[in-house]
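[1] what shape does this take:
(one chain, ligands or ions: 2)
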Amino acid sequence: MASELTGVGLTHGNGFRALQRISLRLARGERVAVIGPSGAGKTSLTRLLGSALRPSEGRLEILGVNPWQASAGELRHLRARIGTIHQAPPIPPRQRVITAILAGRLGHWPVWKGLCSLVYPVDIDGAQAVLARFDLADRLFDRCDRLSGGQLQRVGIARVLYQQPDLILADEPVSALDPTLADAALGELVADSERRGASLFASLHAVDLALKWFPRIVGLRAGEIVFDLPTARVSETMLRELYAAEGGVLPTQAQTPVAPRDGAVDAAGTPADGQVAIAVVRFETCRGR
Ligand SMILES: Nc1ncnc2c1ncn2[C@@H]1O[C@H](COP(=O)(O)OP(=O)(O)O)[C@@H](O)[C@H]1O
Ligand SMILES: [Mg+2]
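    Numbering: from 1, shown residues only. Ligands and ions are numbered 1, 2, ... in the order given. Model prediction:
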């Protein structure tokens with residue numbers, strides 16, 4: 001089921017206008033990356049899609065449901081179908097990793113199963129399997145406050161994979177990871193959404209990762225969508241204009257160039273038509289961070 005925003009605006013409690021005229025449709029199984037400078041409204045947009053913030057105007061449907069007209073039961077059901085990966089996962093520091101992972105399914109389990117799991121984890125094998133995909137299988141029984149920021153961020157991603165939601169919302173999900181781990185973690189996230197036909201909407205700081213892993217890119221600046229295009233049609237000029245306030249420097253994750261995913265650059269290294277942006281990012285040095 002699709003998620004759709006039509007003419008949506010968002011004014012924060014202090015009167016700050018964070019988003020305006022946002023129209024966006026995310027089809028079932030579609031993968032979209034939102035990029036843009038700091039303060040563009042990426043987190044605000046992700047929170048709207050997660051029904052954590054209410055739009056000030058416009059229409060919004062998440063997985064075919066308007067969360068602001070839904071009953072309490074419908075809202076609970078909807079939220080169980082949405083998996084959110086936060087930039088800094090809101091995991092209680094004293095919680096064990098396994099409990100944090102299993103919490104991903106709490107919304108799907110009957111109350112008795114959730115309570116039992118607090119006393120004795122009900123699915124150790126399942127939690128371990130998902131952590132293994134992020135090289136964290138040996139941290140299963142560690143307390144979360146013993147993990148580094150990057151490890152905690154990977155636990156946050158693993159939890160959402162364990163949840164198996166229909167819509168994954170990821171707000172800068174790999175910002176605390178080094179380039180190799182960031183690329184691998186994003187690869188896992190993309191593979192999972194592809195395999196299950198889940199929609200994936202991710203805000204990314206790093207332009208190279210967005211171009212590599214996502215077939216559609218939304219450019220957001222000062223609360224407005226400035227382009228919404230298939231990745232192959234995103235040009236260098238568009239990217240430089242998007243980041244004009246940051247001197248036109250494109251923030252990238254990789255110290256070394258990241259090869260495009262599927263044949264965007266031919267064997268001789270010449271970019272195919274419409275792949276200018278990818279080529280530019282390939283040769284960018286890491287000046288953004
Ligand atoms: N709760 C809030 N109250 C007031 N202003 C906010 C709030 N959250 C974000 N903003 C402002 O809205 C703008 C967009 O923020 P945000 O969505 O976090 O952007 P991004 O994720 O692209 O950096 C920023 O100027 C930010 O200061
Ligand atoms: Mg943000």
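
[2] residue boundaries of the helices in the stretch 101-250 of the chain?
    Applying DSSP state H, counting those that start in this stretch to the stretch 101-250 of the chain gives helices spanning 111-119, 124-132, 149-163, 179-196, 207-213, 236-242.

[3] wasn't Glu61 part of a helix?
    No - using DSSP: H, G, I helix; E, B strand; the rest coil, the secondary structure at Glu61 is strand, not a helix.

[4] what's the local residue count around the nearest residue to it once chain neighbours are set aside?
    In this structure, Glu61 finds its nearest non-sequential neighbour in Glu4, 5.0 Å apart by Cβ to Cβ, 6 or more residues apart in numbering. All C-beta atoms are positioned from the backbone trio N, CA, C, and that covers glycine. For Glu4, the count of nearby residues is 16 (other Cβ atoms under 10 Å).

[5] centre of the chain to stretch 190-197, how far?
    Centroid separation for stretch 190-197 versus its chain: 13 Å, with Cα atoms, centre = their mean, to the nearest Å.

[6] and that stretch, what's its mean pLDDT?
    Mean per-residue pLDDT for stretch 190-197: 97.

[7] contact partners for Cys144?
    Applying Cβ atoms under 8 Å, 6 or more residues apart in numbering to Cys144 gives the contacts Ile91, Pro92, Pro93, Arg94, Gln95, Arg96, Val97, Ala100, Leu152, Val155.

[8] quick one: pLDDT of it?
    Looking at Cys144, its pLDDT stands at 93.

[9] quick check: it vs Pro93, distance?
    Cys144 is 6 Å from Pro93, where distance means Cβ to Cβ, to the nearest Å.

[10] just to revisit the earlier point, which is the next helix or strand following the strand or helix carrying the residue nearest to Glu61?
    Here Glu4 sits within strand 3-11, counting by DSSP states H and E. Later in the chain than strand 3-11, the nearest helix or strand by DSSP H and E is strand 17-26.

[11] please see if that next one touches ligand 1.
    Yes - counting by Cβ under 6 Å from any ligand atom, contacts between strand 17-26 and ligand 1 involve Ala18.

[12] what's the average pLDDT for the next helix or strand after that strand?
    Note on strand 17-26: by DSSP H and E, the next helix or strand toward the C-terminus is strand 31-35. In this model, strand 31-35 has an average pLDDT of 98.

[13] ok, stretch 236-245 next?
    Stretch 236-245 shows a mean pLDDT of 95.

[14] CA atoms only: put that stretch into CSV for me.
    Provided in CSV are the C-alpha atoms of stretch 236-245 (Å, rounded to 0.1, in the frame of the first residue of the first chain):
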residue,chain,number,x,y,z
GLU,A,236,25.8,17.5,-11.0
THR,A,237,24.3,21.0,-11.3
MET,A,238,21.3,20.0,-9.3
LEU,A,239,23.4,18.6,-6.6
ARG,A,240,25.7,21.6,-6.4
GLU,A,241,22.7,23.9,-6.3
LEU,A,242,21.1,21.8,-3.5
TYR,A,243,24.2,22.3,-1.4
ALA,A,244,24.9,25.9,-2.5
ALA,A,245,24.6,27.1,1.1
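
[15] and it, how far out from the chain middle?
    22 Å.
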